[in-house]
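*Asks:* Please find the sequence and the predicted model below.
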Amino acid sequence: EKPLSLYVFSTNKETQNAFKSQTSSGSMVVNDAVVHLSVETLPFGGVGASGMGAYHGKYTFTTFSHQKSVLVRDFSAIGEYLGETRYPPYQDWKIKRMGLLLKNRKIPECLSLIPYLACFFLGVGSTFLVKLLAQKFNLF
């Protein structure tokens, strides 16, 4: 049998990659446990008996060619700060933060344009900045 989830705890990249490429499991999590269930964009399912799914047409191909989801936890200061709410003792501020982090929110349609507008204004601003510096230092 193959495990539904495989949990690997190692900071060694070679060990992580060996488990990723040389094992077969439904999903794999590196340096954490169970957190992959909260990531909505990662598929969750097994291989073999625990991996049965829909079939017909493209679903047949999808069913019989399992895409293993892999989540690797980074031990950066920001990740540790945000992750500390998962561990006891569970104080009121931790419960409030978890509620905020786990809340499923829809992004308003108008806010989806912000990255495009930011890139546009950054490009325009950098053009004017380069022109100003070129004039100041007589580069052109």
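*Replies:* Looks like it arrived, so ask away.
*Asks:* Give the buried residues for stretch 31-45.
*Replies:* Under the neighbour-count criterion of 16 or more other CB atoms under 10 Å, stretch 31-45 has 31-32, 36, 42, 45 buried. For the C-beta atoms, the positions are set from N, CA and C on the backbone; glycine is no exception.
*Asks:* Can you pull out the residues in contact with it?
*Replies:* Residues from elsewhere that reach stretch 31-45 (CB atoms under 8 Å, 6 or more residues apart in numbering): 5, 7-11, 26-27, 29, 51, 53, 66-67, 69, 71-73, 75, 86, 102, 104.
*Asks:* and the longest helix for the chain?
*Replies:* Counting by DSSP state H, the longest helix found in the chain is helix 114-136.
*Asks:* Pull out the CA atoms of it and give them to me as CSV.
*Replies:* In CSV, the C-alpha atoms belonging to helix 114-136 read as follows (Å, rounded to 0.1, in the frame of the first residue of the first chain):
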residue,chain,number,x,y,z
ILE,A,114,-4.2,46.7,-8.5
PRO,A,115,-1.1,44.7,-9.6
TYR,A,116,-1.5,45.9,-13.2
LEU,A,117,-1.9,49.5,-12.1
ALA,A,118,1.0,49.2,-9.7
CYS,A,119,3.3,47.9,-12.6
PHE,A,120,2.1,50.7,-14.9
PHE,A,121,2.7,53.5,-12.4
LEU,A,122,6.1,51.9,-11.4
GLY,A,123,7.1,51.9,-15.0
VAL,A,124,6.0,55.5,-15.6
GLY,A,125,7.7,56.6,-12.4
SER,A,126,10.9,54.9,-13.2
THR,A,127,11.0,56.4,-16.7
PHE,A,128,10.7,59.9,-15.2
LEU,A,129,13.3,59.1,-12.6
VAL,A,130,15.8,57.9,-15.2
LYS,A,131,15.1,61.0,-17.3
LEU,A,132,15.6,63.3,-14.3
LEU,A,133,18.9,61.6,-13.3
ALA,A,134,20.1,61.7,-16.8
GLN,A,135,19.5,65.4,-17.0
LYS,A,136,21.1,66.0,-13.6
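*Asks:* which other helices and strands contact that helix?
*Replies:* For helix 114-136, there is no helix or strand it packs on, judged by 3 or more CB pairs under 8 Å, 6 or more residues apart in numbering; DSSP states H and E.
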